[in-house]
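> Predicted model follows, preceded by the sequence.
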Amino acid sequence: LRDAGVDVAMVHVGNEINPGMLWPHGQTWDVDPQDDVEGAQWENLARFLRAGAGAVADVFPAAEVMLHLTNLQDGIEGLTWWLDEAVSRGVPLDVIGLSYYPYWHGTLADLQEAISTLGARYERDVIVVETAYPFTLEDDPRAPFPNIVDAETVLPEGYPPTPGGQAAFFRAVQDVTAAAEGGRGRGVVYWEPAWTAVEGAGWDPEDPSSGNAWENQAMFDFSGAALPEVLAELGATHER
């Protein structure tokens, strides 16, 4: 990226990294003695993360380092426990990243409280780096897997699985992030807006049949056209 002239402003070292990485060596939960692991491997994990952050600093000295967590439904303690362990071992932390999917991670109020709490505790900005919402409960007939979200009962009230409901929910996530105490909610990233059910867009790009179960949460309909409600929400002007 550097050699291509790309200016990288932020790197998150690890993705939804609550359980650690490189199991069992950097494992932080579901520890099993049968795997020759007697406890959470925090020293190893911290070493891995410091090395990753060091590589970021070597290549892009001005880039911020994010640590990205998930599982908000387990309570704020599950996030502060992890961050306390990491920070106490000298793991660099410039920005906190959170995943927030309402059908797994609680209410919008839960999200706002988490951003406020984490921002105040660590004096760091928080970005919602993953969120999504369905514009339909239907499956694209080209998709080899059923949708992850296929029932309205798992969705919050007031946000139907329609293009308008999707746009309204995305706005609501932005609003609660911006309203977090201390102004620590820096932004929201939608994941994954362009993951439609076309060949080659599965989990494995080399396997056309790998597919995905997310196309009903993209920001494009099954024909590939951008949803007009989302266009209006984002202030965009082009449909494709």
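Good, I have the coordinates. Residues are numbered from 1 along each chain as shown.
> I'd like the next helix or strand past whichever helix in the chain runs longest.
Ranked by residue count, the top helix of the chain under DSSP state H comes out as helix 42-59. Downstream of helix 42-59, the next assigned helix or strand under DSSP states H and E is strand 64-69.
> picking that back up, name the residues that touch the longest helix of the chain?
The contact list for helix 42-59 (Cβ atoms under 8 Å, 6 or more residues apart in numbering) reads 1-2, 8, 11, 13-14, 20-22, 25-28, 63, 65, 67, 85-86, 89-92. (Each C-beta comes from the backbone N, C-alpha and C, glycine too.)
> Just the buried ones from those?
Those of these that meet the buried threshold are 11, 13-14, 20-21, 26-28, 63, 65, 67, 86, 91-92, by 16 or more other Cβ atoms under 10 Å.
> can you list the weak-confidence ranges in the chain?
For the chain, the stretches with pLDDT under 70 are 236-240.
> Run through the strands of it in chain order.
10-12, 20-21, 26-27, 64-69, 95-99, 125-130, 185-188 (DSSP state E).
> ok, the fifth one: who's next to it in the sheet?
Same thing as strand 95-99. Here strand 95-99 is paired, per DSSP bridges, with strand 64-69 (parallel), strand 125-130 (parallel).
> go on, the third one?
Next to strand 26-27 in the sheet, as set by DSSP bridges, lie strand 20-21 (antiparallel).
> do the first one as well
Sheet neighbours of strand 10-12, with direction, are listed as strand 64-69 (parallel) (DSSP bridges).
> Tell me what angle the strand it pairs with forms with helix 42-59.
150 degrees (axes from the mean of the first three to the mean of the last three Cα atoms, to 10 degrees).
> For the closest residue to residue 14 other than its chain neighbours, name its beta-bridge partners.
Nearest non-adjacent residue to residue 14, counting by Cβ to Cβ, 6 or more residues apart in numbering: residue 21, 5.7 Å away. For residue 21, the residues forming beta bridges with it (DSSP bridges) are residue 26.
> wait, what's in contact with residue 21?
Per Cβ under 8 Å, 6+ apart, neighbours of residue 21: 14, 45, 48.
> Residue 214 too?
Neighbour list for residue 214: 132, 147-148, 192, 195 [criterion: Cβ under 8 Å, 6+ apart].
> Most neighbours among those residues, which one?
Neighbour counts for those, by other Cβ atoms under 10 Å, peak at residue 132, which reaches 25 neighbours.
> Not counting sequence-adjacent ones, nearest residue to that residue?
Per Cβ to Cβ, 6+ apart, closest to residue 132 is residue 217, 4.2 Å.
> That neighbour - how many residues pack around it?
That count, for residue 217 with other Cβ under 10 Å as the rule, works out to 24.
> next one: the one 4 residues further on
Number of residues near residue 221 (other Cβ under 10 Å) recorded here: 17.
> cool, and the one 5 residues further on?
Other residues within reach of residue 226, judged by other Cβ under 10 Å, total 18.
> just how off-centre is the longest helix of the chain within its chain?
Offset of helix 42-59 from its chain centre (Cα atoms, centre = their mean, to the nearest Å): 20 Å.
> Would you mark the buried spots in that helix?
42, 44-50, 52-53, 56.
> same check, this time on stretch 91-109
Of all the residues in stretch 91-109, those buried under the rule 16+ other Cβ under 10 Å are 91-93, 95-102, 105-106, 108.
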